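K.L.:
Sharing a model that was predicted from the sequence below.
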Amino acid sequence: MAVVAPEPYSRHATWKLPCFLKSAPAAPLFVEVRWTHVARELLVDQRALGFGQLAVGKSKVMILRVTNRLDREVPLRMQGLNPAGAYSVVNAVRPIAPRSYQDLQVKFEPAGQLHFCETLLLFSTTGKVSVALSGQGVSPALTVDPPEGVLDMGHLCAGEAAAATFTLSNASVFPLGYVIRDTTPPHANFSNVAPFSCVPREATIEAGGSVVVTAHFSGDHDRPMQYLSTFKIDVPNQQQEHTMTLKGWVWSRQAFVTPASAADALPASAPEMIEDAFDLPPGVGEGEAAPGAPLPPQPEPNRVIRLTFPRAQPEGAPPVVKEVLVGCTTVGKERKGGNAAYEVTLLGEEAQHFACAAPKGSASPGQQVAVGFTFTPVAGEQVGIPGIDAGRWVECHAELVVKGGYVPVAGADDTQTVDVILRGWLSA
């Protein structure tokens with residue numbers, strides 16, 4: 001007797017649907033519907049793959065298991081995905097053995113900051129199954145505090161060090177790696193050690209977390225301008241570039257004088273701003289010319305500050321005040337530091353047109369004192385000529401003498417003189 005193979009599972013149903021016509025409601029029409037259901041031969045463990053949010057340029061792979069429920073081998077095929085899309089199947093699609101399965105590796109790699117949705121269609125000779133693919137490409141969201149991206153390290157005496165911190169926060173929903181890179185070569189120390197450094201330079205910030213970065217500053221010689229260096233905070237696939245600029249002053253002595261406003265600083269082309277490439281820090285090169293005959297300390301040139309008052313002032317406006325800062329840095333215990341006292345003397349024939357608010361004073365370590373100057377032309381010197389501003393620039397030499405504080409060279413005078421040149425327009 002021949003053996004008949006069992007028929008695959010199926011279920012059949014028949015319905016008759018009445019359809020009523022508005023013109024003849026008493027005589028309905030019947031439509032017969034026949035339905036047949038057979039067992040699925042392909043089964044997937046997930047009908048939808050949600051990749052969530054992923055950084056642009058990164059990739060994520062999820063496993064989709066396709067099972068053959070039949071007792072025979074099933075050829076598995078796939079409808080091609082969008083070649084320019086974000087989804088792809090990594091491994092090859094092969095026939096599935098009876099009552100076995102195949103794991104497909106579905107990769108999501110967003111190329112932009114968009115939502116990506118696609119349908120993966122798998123089919124065999126007599127069956128098919130669809131899987132919804134969804135994911136979002138997002139860009140890293142990094143915030144820097146302070147938001148202006150500038151960190152002022154203050155004033156240091158040569159050989160001292162200072163530290164300050166800034167915070168990097170990750171507002172993304174995934175971990176974020178960063179690397180801090182130098183974008184501008186800083187002015188080198190004589191020790192060939194960079195004056196600025198950031199720790200940690202490289203790290204990974206967890207989702208919603210933050211990292212405190214410590215910036216270190218140290219210089220071994222003074223300059224007529226600030227030490228300045230810009231660091232780039234490099235994050236892969238970031239939409240907005242973040243930088244952090246570190247700046248600070250280094251002085252050869254504990255006492256210093258500088259313009260209060262950056263607008264009053266001398267231009268880089270000024271002769272006073274040119275640095276001597278063969279200069280050495282104080283105390284270096286003071287060797288003995290002959291045994292028992294040490295060289296005397298060499299006098300330092302006077303630092304020059306120029307304050308120019310505006311030529312035109314609104315009628316009835318108060319006089320413009322230009323300020324310089326007299327400060328005193330902090331030094332280590334091994335150095336004999338102290339307070340810095342100053343005195344201002346106005347010299348020259350045009351001194352009558354200028355005034356100093358606080359001609360004498362002092363600053364303790366870590367303190368800065370503002371010294372203000374005003375330009376008040378003597379009334380008798382001004383003769384108004386309607387429609388013509390016939391006048392001249394007048395200059396006054398303000399001699400600012402600072403005493404006290406740490407001096408790096410033993411036996412050197414603790415007095416330094418700063419020439420403050422005041423300049424104003426005197427109408428005729």
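P.N.:
Looks like it arrived, so ask away. Note that the structure is a prediction, hence the values are computed from the model and not measured.
K.L.:
wouldn't Y101 be in contact with N68 here?
P.N.:
Yes - between Y101 and N68 there is a contact under CB atoms under 8 Å: 6.8 Å. Every residue, glycine included, has its C-beta placed from N, CA and C.
K.L.:
Looking at the two, which one has more neighbours?
P.N.:
N68 (23 against 14; other CB atoms under 10 Å).
K.L.:
And for that one, nearest residue in space, chain neighbours not counted?
P.N.:
I96 (3.9 Å; CB to CB, 6 or more residues apart in numbering).
K.L.:
measure that neighbour to S10 for me?
P.N.:
Plainly put, I96 is 21 Å away from S10 if you go by CB to CB, to the nearest Å.
K.L.:
Comparing the two, which residue is more hemmed in?
P.N.:
A side-by-side neighbour count of I96 and S10, using other CB under 10 Å, places I96 first with 21 against 9.
K.L.:
Who are the contact partners of that one?
P.N.:
I96 is in contact with 66-68, 73-74, 76, 102, counting by CB atoms under 8 Å, 6 or more residues apart in numbering.
K.L.:
for V402, same thing?
P.N.:
255, 257, 326, 340-342, 415-418.
K.L.:
which stretch of helix or strand covers it?
P.N.:
Here V402, judged by DSSP states H and E, is contained in strand 391-404.
K.L.:
If we go by neighbour counts, what in the next helix-or-strand element following that strand is buried?
P.N.:
As assigned by DSSP H and E, the chain's next helix or strand after strand 391-404 is strand 415-427. Buried residues in strand 415-427, counting neighbours by 16 or more other CB atoms under 10 Å, are found at 416, 418-420, 422-425, 427.
K.L.:
For F373, state which of those is nearest.
P.N.:
Closest approach to F373 among these (CB to CB): L422, at 5.7 Å.
K.L.:
any idea how far that closest one is from A163?
P.N.:
37 Å.
K.L.:
pLDDT weak spots in the stretch 101-250 of the chain?
P.N.:
For the stretch 101-250 of the chain, the stretches flagged by pLDDT under 70 are 186.
K.L.:
Helices of that one, start to end?
P.N.:
Secondary structure of the stretch 101-250 of the chain (DSSP state H, counting those that start in this stretch): no helices present.
K.L.:
How is the chain divided into domains?
P.N.:
Domain assignment for the chain by automatic domain parsing gives 42-138, 142-251, 255-276+300-427.
K.L.:
hmm, back to that, now do the residue nearest to N68, the pLDDT please.
P.N.:
Looking at I96, its pLDDT stands at 92.
K.L.:
And it, how far from E73?
P.N.:
If you go by CB to CB, the gap between I96 and E73 works out to 7 Å.
K.L.:
The residue lying closest to L142 once chain neighbours are set aside - how many residues pack around it?
P.N.:
Computed as CB to CB, 6+ apart, the closest residue to L142 that is not its neighbour in sequence is V235, at 5.4 Å. By other CB under 10 Å, 23 other residues sit near V235.
K.L.:
for V235, what are its contacts?
P.N.:
140, 142, 176-178, 242.
K.L.:
so G135 makes contact with L54?
P.N.:
Yes - shown here, G135 and L54 form a contact pair, counting by CB under 8 Å, at 6.2 Å.
K.L.:
Tell me the buried residues in stretch 140-153?
P.N.:
The neighbour-count check on stretch 140-153 (16+ other CB under 10 Å) flags 140-142, 144, 151, 153 as buried.
K.L.:
export the residues you listed to JSON lines and tack on distance to D264?
P.N.:
Compiled in JSON lines, the buried residues of stretch 140-153 are given as follows (distance: CB to CB, whole Å):
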{"residue": "P140", "distance to D264": "40"}
{"residue": "A141", "distance to D264": "39"}
{"residue": "L142", "distance to D264": "36"}
{"residue": "V144", "distance to D264": "29"}
{"residue": "L151", "distance to D264": "22"}
{"residue": "M153", "distance to D264": "21"}
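K.L.:
Much appreciated, bye for now.
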